[in-house]
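Visitor: Next come a sequence and a model predicted from it.
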Amino acid sequence: MFFSVIIPVFNRPDELRELLYTLTQQTYQQFEVLVIEDGSRNKADDVVTAFNDRLTIRYFYKENSGQGFTRNYGFERAQGDYFVIFDSDALIPPHYFEAVTERLLHDKLDAYGGPDAAHPDFTSVQKAISYSMTSLFTTGGIRGSKKNLGGTFHPRSFNMGLSRQVWEATRGYKLSRMGEDIEFAIRIIENGFRTGLIPDAFIYHKRRTNFGQFFRQLRFFGRARINISRYYPSELKLVHTFPALFTLFVFSVPIMALIHPILFSLGIGILILFSVLILLDATRKEKSLYVGLLSIIAAFVQLIGYGIGFIQEGWKRIREPKSFRETGATIEYPS
């Protein structure tokens with residue numbers, strides 16, 4: 001079984017260097033690597049050249065078009081039986097391809113996804129962000145949990161593989177931003193392909209390095225969820241409104257003080273209880289009280305960032321002309 005690893009890159013040569021190094025450590029070596037530079041100013045061609053003697057690797061430069069279409073560019077040039085997509089801010093454990101091969105040989109999946117985790121060398125902030133993005137307390141654990149909500153597993157593009165047959169039938173991404181991986185996963189499943197989670201095929205996902213970057217990323221994720229509803233209205237489910245409801249609740253707590261002291265105390269009590277649950281769970285999992293405390297901040301940033309984006313794009317969606325809503329058309333937004 002031969003894999004083609006597709007890595008879109010945008011101004012991240014240092015992160016790419018770390019990712020490529022982890023690929024040299026794989027116990028299963030039957031793969032090629034395609035690095036697609038998406039119109040970067042800070043190019044990574046020298047980084048790729050440094051790995052020519054350790055990896056079967058090719059480098060391409062193209063004008064900026066966003067991650068989705070950049071991955072399609074890689075699919076068109078890939079030679080593997082399976083195409084594997086990694087974000088450039090990922091680190092891949094040595095057993096990754098061995099775990100994927102073992103699963104696919106015994107239980108063929110047309111498309112798969114794997115969880116993400118925090119590497120021991122990550123900073124405390126990165127560990128807190130990783131916890132928040134994988135915790136069921138924040139709905140983040142849905143993507144990488146063994147029991148995916150909704151019954152059918154929807155792979156996500158930070159750690160995803162698909163067969164050549166999937167590519168040939170779907171022609172890849174139809175969106176390049178604003179929820180492109182969600183739309184692609186839906187279409188894979190609608191085409192009758194079999195998807196599944198491979199728990200052992202986890203990666204270390206560095207994500208953002210500070211809470212400001214994390215907030216902006218999650219705000220964009222919230223907008224993306226509404227954007228997907230322009231194409232698939234039935235995919236907007238009650239669970240997706242939780243961050244927005246949480247955000248409205250947080251902002252309403254000060255108003256409660258003007259209404260009645262007991263109501264205000266109740267609101268504060270709920271937020272404190274939520275924070276304590278995050279603190280205890282994160283401290284237990286990360287074995288660090290400091291990371292546990294930072295995880296409280298990360299959880300609030302995640303939920304409020306997502307919630308604000310969800311509300312902003314939802315309001316925009318409501319105000320769109322009826323004909324625009326019915327066509328499922330959408331506007332291309334910058335990343």
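Guide: Noted; the coordinates are in hand. Numbering: from 1, shown residues only.
Visitor: buried sites along stretch 210-217?
Guide: Buried residues in stretch 210-217, counted by 16 or more other CB atoms under 10 Å: 211, 214-215, 217. In short, each C-beta sits where N, CA and C put it, glycine included.
Visitor: oh sorry, the question was meant for stretch 187-194
Guide: Using 16+ other CB under 10 Å as the test for burial, stretch 187-194 gives 187-189, 193-194.
Visitor: Please compute how far it lies from its chain's middle.
Guide: In terms of CA atoms, centre = their mean, to the nearest Å, the centre of stretch 187-194 is found 20 Å from the chain centre.
Visitor: Stretch 57-68 too?
Guide: For stretch 57-68, the distance to the chain centre is 19 Å (CA atoms, centre = their mean).
Visitor: Which residues does that stretch contact?
Guide: In this structure, residues lying in contact with stretch 57-68 by CB atoms under 8 Å, 6 or more residues apart in numbering are 8, 10, 20, 32-40, 43-45, 48-49, 51, 70, 73-74, 77, 157, 172-177, 180-181, 184, 335.
Visitor: Mind checking which of these are in strands?
Guide: Secondary structure assignment (DSSP state E) places 8, 32-38 from these within strands.
Visitor: in the stretch 101-250 of the chain, which ranges drop under the pLDDT threshold?
Guide: Within the stretch 101-250 of the chain, the ranges that satisfy pLDDT under 70 run 140-151.
Visitor: Can you flag the buried ones in the contacts of stretch 57-68?
Guide: Buried subset of the contacts of stretch 57-68 (neighbour count, 16+ other CB under 10 Å): 8, 10, 20, 32-38, 40, 44, 48, 51, 70, 73-74, 157, 172-173, 175-177, 180-181, 184.
Visitor: can you give me the helices for the chain?
Guide: Counting by DSSP state H, the chain has helices at residues 13-24, 45-49, 67-77, 96-106, 124-134, 164-170, 180-190, 211-229, 242-259, 261-286, 289-319, 322-327.
Visitor: burial measure for the nearest residue to Glu235 once chain neighbours are set aside, as a count.
Guide: Residue nearest to Glu235 in three dimensions, not counting chain neighbours: Ile228, with 5.7 Å by CB to CB, 6 or more residues apart in numbering. Neighbour count for Ile228, taken as other CB atoms under 10 Å: 21.
Visitor: For the spatially most central residue of the chain, give me the backbone phi and psi.
Guide: With distances taken as CA atoms, centre = their mean, the residue of the chain nearest its centroid is Phe158 (5.1 Å). Dihedral pair for Phe158: phi -70, psi -20, per degrees, to the nearest 10.
Visitor: Look up how far Phe274 lies from it.
Guide: 26 Å (CB to CB, to the nearest Å).
Visitor: ditto for Asp200
Guide: Here the criterion is CB to CB. By it, Asp200 lies 32 Å from Phe274.
Visitor: Which one of those two is surrounded by more residues?
Guide: For Asp200 versus Phe274, neighbours defined as other CB under 10 Å are more numerous around Phe274 (19 against 15).
Visitor: so what's the more buried one up against?
Guide: Phe274 makes contact with 137, 299 under the criterion CB under 8 Å, 6+ apart.
Visitor: Report pLDDT for it.
Guide: For Phe274, the pLDDT comes out at 97.
Visitor: mind checking how far it is from Phe300?
Guide: 9 Å.
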